[in-house]
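Student: turn this into a structure:
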Amino acid sequence: MQSNICWTRICLAAIGALLLADAIALMSAGLFSFGIVLPGCIGAAFLLLAWHWRRVAHWRAGNRRRQRLWQAAWMAFAVWLVTVAVFFYDIRRSTEAAMPGNSPVKAVVILGSGTPNCTASPTLIARLDQGLRQAQRWPRAKVAVSGGQDFGLRCREADIMAEYLIARGVAADKVIREGRSTSTEENLVFSRRLLEAQGVAATDPIVLVTSDFHVRRAVRIARKAGFGEVAGVGAETPLYLRYNAWLREYFAAISGWVLREY
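Tutor: The predicted structure follows:
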């Protein structure tokens, strides 16, 4: 019995330390999101529980209501973890949709993801590299880069994205810069208007490029924004941020459904 308790405390402490260290490292790099803060809080809670295990056990002892509450809390946590795992699996298998077959793609739309210090983040670079591959696949398509001005910065994300693509061979006259948006919905609404002004109808086939975790929700928002035929393509999220970003998307997908964003 004592051996089991010892191993339980060690496991809790190890997992807690890992989660908390990951959150601190990412926040120290200037990254803040619910997908980072929540694991950090869980890690801190695990460390405290491992440290005060005997005190918590004493609190539970001899009180059936507390025992049931304890069991229910762990059961709810386990069920939540299962739903997160299912969501992560779904991300893995839905990073690319079928391309339009009847007519050529008329536009490639690349969504922004942040430009700390007015430079492209690793996540944004992954999206741009994927967008570059799609632009090469569909050489006649317009390329719309969509991203506004980050808080406290003077640069526009769309300009940084456009310069990255042009430096790698995309013709400047093919690139359409949408630099006013502050959300995925605005990304797509504003991009649609600019594309229409360039002769690309909302009903024309487009390829939507974003991160792997964001594909499904972005495609649904695109359809609500008026695009008719959308093929979503996901760029792989950098490993150091991958599961935090996926966890953030888990809650974003729920809130988007509740708020009827798609």
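
Student: which residue packs closest to Leu26, ignoring adjacent ones?
Tutor: Counting by Cβ to Cβ, 6 or more residues apart in numbering, Leu26 lies nearest to Ile36, which is 4.9 Å off, once chain neighbours are set aside. From N, CA and C alone the C-beta is placed, and that goes for glycine too.

Student: what residues of the strand or helix carrying that neighbour count as buried?
Tutor: Per DSSP states H and E, Ile36 falls inside helix 34-51. Burial within helix 34-51, assessed by neighbour count using 16 or more other Cβ atoms under 10 Å, is assigned to Gly35, Ile36, Leu38, Pro39, Gly40, Ile42, Gly43, Phe46, Leu47, Leu49, Ala50.

Student: show me what contacts the fifth one?
Tutor: I take that to be Gly40. The contact partners of Gly40, by Cβ atoms under 8 Å, 6 or more residues apart in numbering, come to Leu19, Leu20, Asp22, Ala23, Ile24, Met27.

Student: now swap in the fourth one and tell me
Tutor: Listed by Cβ under 8 Å, 6+ apart, the contact partners of Pro39 are Leu19, Asp22, Ala23, Asn244, Leu247.

Student: you'd agree the third one is up against Ile36?
Tutor: Yes - here Ala23 lies in contact with Ile36, judged by Cβ atoms under 8 Å, at a distance of 5.3 Å.

Student: so how far is Arg65 from Ala72?
Tutor: Taking Cβ to Cβ, to the nearest Å as the measure, Ala72 falls 10 Å from Arg65.

Student: and if you look at Ser191?
Tutor: With Cβ to Cβ as the criterion, Ser191 and Arg65 are 55 Å apart.

Student: between these two, which one's more packed in?
Tutor: Ser191 (28 against 8; other Cβ atoms under 10 Å).

Student: got a list of what the more buried one touches?
Tutor: Val109, Ala144, Ser146, Ile176, Glu178, Ser181.

Student: out of these, which sit inside strands?
Tutor: Val109, Ala144, Ser146, Ile176, Glu178 (DSSP state E).

Student: let me see the confidence value for the first one.
Tutor: Put plainly, it is Val109. Val109 carries a pLDDT value of 98.

Student: what's the closest non-adjacent residue to it?
Tutor: Ala144 (4.6 Å).

Student: with the last one instead?
Tutor: In space, and not counting its chain neighbours, Glu178 is closest to Ser146: 4.2 Å by Cβ to Cβ, 6+ apart.

Student: shaky segments in the chain?
Tutor: 1-5, 94-102, 151-153 (pLDDT under 70).

Student: and the residue of it most remote from its centre, what does it touch?
Tutor: In terms of distance from the mean C-alpha position of the chain, Gly62 ranks first, at 45.0 Å (Cα atoms, centre = their mean). Residues near Gly62 by Cβ under 8 Å, 6+ apart: none.

Student: Thr119: which of the ones in strands among the contacts of Ser191 is nearest?
Tutor: Ser146 (17.9 Å; Cβ to Cβ).

Student: please name the bridge partners of that closest one.
Tutor: Leu111, Glu178 (DSSP bridges).

Student: list of residues touching the helix or strand harbouring Leu165?
Tutor: Taking DSSP H and E as the criterion, Leu165 maps to helix 157-166. Helix 157-166 is contacted from outside by 110, 112, 114-115, 118-120, 124-125, 128, 131-132, 135, 143, 145-150, 172, 175, 177-179, using Cβ under 8 Å, 6+ apart.

Student: residues contacting the closest residue to Phe251 other than its chain neighbours?
Tutor: If the residues on either side of it in the chain are set aside, Phe251 comes closest to Phe34, at 5.6 Å by Cβ to Cβ, 6+ apart. For Phe34, the contact set (Cβ under 8 Å, 6+ apart) comprises Leu247, Arg248, Phe251.

Student: much appreciated, bye for now.
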